[in-house]
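Trainee: Provide a 3D model corresponding to the input given below.
(one chain, ligands or ions: 1)
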Amino acid sequence: MRQLIEDRLLPQVLKPARYLGTEWNAVHKDWDRVPVKMAFAFPDVYEIGMSHLGLQIIYGLVNGGDDFLLERVFAPGRDMEELMRAHRVPLFSLESYRPLKEFDVIGFTLQYEMSFTNILNMLDLAGIPVRAEYRGEQYPLVIGGGPCASNPEPLVPFFDAFLLGDGEILLPQFLDLLKSWKDKHGGIPDKEQFLLEAARLPGVYVPRFYDIRYGEDGSIVEIRRNRAGVPPRVARQVVSDLDRAYFPTHPIVPYLETVHDRAMLEVLRGCTRGCRFCQAGILYRPVRERDPELLARQAEELLKATGHEEISLTSLSTADYTCLEPLIKLLMDKYQGTGTSVSLPSLRADAFSVHLAKELQRGRKSGLTFAPEAGTQRLRDVINKGVRERDLMEAVTAAFEAGWTGIKLYFMLGLPTETREDLDGIRDLAEKVMEAGRRISKEQGRTKKVRVTVSVSTYVPKAHTPFQWEAQIPLAEVKARQHYLKSILKKGITYNYHDAELSFLEAVFAKGDRRLGEALERAWELGCKFDSWREHFSFARWMQAFRETGIDPAFYANRPIPLEAVLPWEHLDMGVSKRFLLREREKAFQGVLTRDCREGRCTGCEVCGGFGVDLVLKGGKGHAGPAGV
Ligand code: SF4
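Mentor: You can find the predicted model right below:
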């Protein structure tokens, strides 16, 4: 097969480097000597998948052991897929060019809902039945993990299991069990029995062991276990001490440019700022920071092992890292004058963050992005986004004074309680930023034009957040508000907005249940794939799929869920209590803020007590005291 791929397929595709598998630091193990083989599947193209730190973590971790082998597979580009189908080449792993069918387990990372059709397409391209019920013992197990595993219900017909939480602790346990079964039985002769045992491991959700009962109005009445010994609720698992967790200091270095083409250093995990729309803020709690000295050592190893000249300090909110200044000092002292730079992926809207960005970005100052999220203080209080207009203006003023000429402001449209005043507020903020930029530019005698961009996405209510019960505003209303905003923004301000139809579908699947699997499968049969790519997305085909399967997408996206209803993800425990989410929802509608628990008292989300972990703040601030609200 290798010969065919190398001689006949790769010379004809646009980006052959996507499929080589021989990059620097790629691991090639002796297939016959390793008992358990896993394929790590990223349901999007190589350049996106290779920018994902989670892939590098799992790759290094699993390949570090003698008993396991992990190889990569990505969604092939359209050109490659056509050639593969024409030459009957099944989907293969990059390292050994083996068909996916030969692996014991295929693990998909579930990063965003709009990659779901690619999963079905990849299984089909591998010659593996897409539905779990049609996959006999001769086929690999198909498992999933990542943020969308927090509500994987629309994917249930296609998966054997989902792992909830940090892969560093979940995956080794799962693979150990697989190995012990292979040692004992020479394989997995009885998948059902194996999965029953797997379902008893902490954090492993095997959906076939849970039945859903629906009421006449289509809502869920009950979620019930159908096997003894499986837990009533599957609890997410977390790494409690990041300093002791595995970190990949020898990541694979792609041959071609990827989305994040730099060394990634994970400084912390989790965020407790408590933005009420943010799912990641719930799914990765509590905050766990790494030691700055350890990070400096990891940076050194990373640079040596990759040849990268830029280190990105990654996390959900790097500016909140309590040792950011000492870490940057350590790195700058070491690398100043060597051509190696340090970067922050996102900035907080305050002058301190701009000062840091200025320190780090000594050369060309292209553009800075800030995310006020909403146009008025009232709505920012509803969503608990602790940014005041004064903070934002101080930040943009500092940025213009430091030489930046382009500012991007990121907002969400359709947040709960949004009114026309909030949209007008977006215009007012953008104009104030523009005025500040022009004034400073004039004072400093600069000739370069000031650019202000307003980038607006449509709000998608997500599972496990305080707004999980809310409806997305109807599609027609989204479009009306997008156009209203366009009509009131002054000329000279650039306005970008996301595809409303795509956000509607995202809302359908983000709060969906397992009945949606039918529509997903039909949409894929009709040709849907790469849905998050504008040039591939076909809303008409999706609507046809819903019509043909008798599923009303608005039932999922646009219907508020009663507070007492059973949620499709009710049996999946992310650690943050429902009590907390309900309290936060209530406070949102009263416009009452909840402070960040790092700044003082615990605000009672219950994740620390539930998992037996603490906030880990290396700078010495914060605590995880008794829940006080
Ligand atoms: S339990 Fe308390 S301290 Fe821990 S993350 Fe939740 S609010 Fe913060």
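Trainee: least trustworthy helix or strand in the chain by mean pLDDT?
Mentor: Ranked by mean pLDDT, DSSP states H and E, the weakest helix or strand in the chain is helix 351-360, scoring a mean of 73.
Trainee: next SSE after that helix?
Mentor: Per DSSP states H and E, helix 351-360 leads on to strand 367-373 as the next helix or strand towards the C-terminus.
Trainee: contacts for the very next helix or strand once past that following strand, please.
Mentor: Downstream of strand 367-373, the next assigned helix or strand under DSSP H and E is helix 377-382. With C-beta atoms under 8 Å, 6 or more residues apart in numbering as the test, helix 377-382 has contacts from 276, 372-374, 386-389, 415-418, 421-422, 425, 588-589, 591-593. The C-beta positions use only the backbone N, C-alpha and C, and glycine is treated the same way.
Trainee: for the least confident helix or strand of the chain, which positions count as buried?
Mentor: For helix 351-360, burial by neighbour count (16 or more other C-beta atoms under 10 Å) applies to 351-354, 356-358.
Trainee: could you pull up the residues touching the residue nearest to residue 76 when sequence neighbours are not counted?
Mentor: In this structure, residue 76 finds its nearest non-sequential neighbour in residue 84, 6.4 Å apart by C-beta to C-beta, 6 or more residues apart in numbering. Contacts here follow C-beta under 8 Å, 6+ apart; on that basis residue 84 touches 9, 76, 90-91, 125.
Trainee: next up, the contacts around the residue of the stretch 251-400 of the chain at minimum distance from the ligand.
Mentor: Distance from the ligand to each residue of the stretch 251-400 of the chain (C-beta to the nearest ligand atom) is smallest for residue 286, at 3.8 Å. Going by C-beta under 8 Å, 6+ apart, residue 286 touches 238, 270, 272, 607-608, 611, 613-616, 624.
Trainee: kindly report the same for residue 151.
Mentor: Residue 151 neighbours (C-beta under 8 Å, 6+ apart): 463-464, 510-512, 568-569, 572.
Trainee: if I look at it, how far off is residue 230?
Mentor: 18 Å (C-beta to C-beta, to the nearest Å).
Trainee: same check, this time on residue 178
Mentor: Distance from residue 178 to residue 230, by C-beta to C-beta: 18 Å.
Trainee: just residue 388 next, same as before
Mentor: As judged by C-beta to C-beta, residue 388 and residue 230 stand 48 Å apart.
Trainee: so what's residue 234 up against?
Mentor: Here residue 234 is in contact with 164, 203-205, 571-573 (C-beta under 8 Å, 6+ apart).
Trainee: which residues does it bridge with?
Mentor: Residues in a beta bridge with residue 234, per DSSP bridges, are residue 572.
Trainee: can you give me the pLDDT of it?
Mentor: Model confidence at residue 234, given as pLDDT, is 97.
Trainee: now do residue 415 against the ligand, distance only.
Mentor: Counting by C-beta to the nearest ligand atom, to the nearest Å, the gap from residue 415 to the ligand is 23 Å.
Trainee: find the nearest non-adjacent residue to that residue, please.
Mentor: Residue 415's closest residue in space is residue 459 (C-beta to C-beta, 6+ apart), at 4.9 Å.
Trainee: hmm, that neighbour is touching residue 417, no?
Mentor: No - Residue 459 is beyond contact range of residue 417, at 11.1 Å (criterion: C-beta atoms under 8 Å).
Trainee: closest point of the stretch 451-600 of the chain to the ligand, which residue?
Mentor: For the stretch 451-600 of the chain, C-beta to the nearest ligand atom, closest residue to the ligand: residue 597, 3.1 Å.
Trainee: what number of residues lie near that residue?
Mentor: Using other C-beta atoms under 10 Å, residue 597 is surrounded by 26 other residues.
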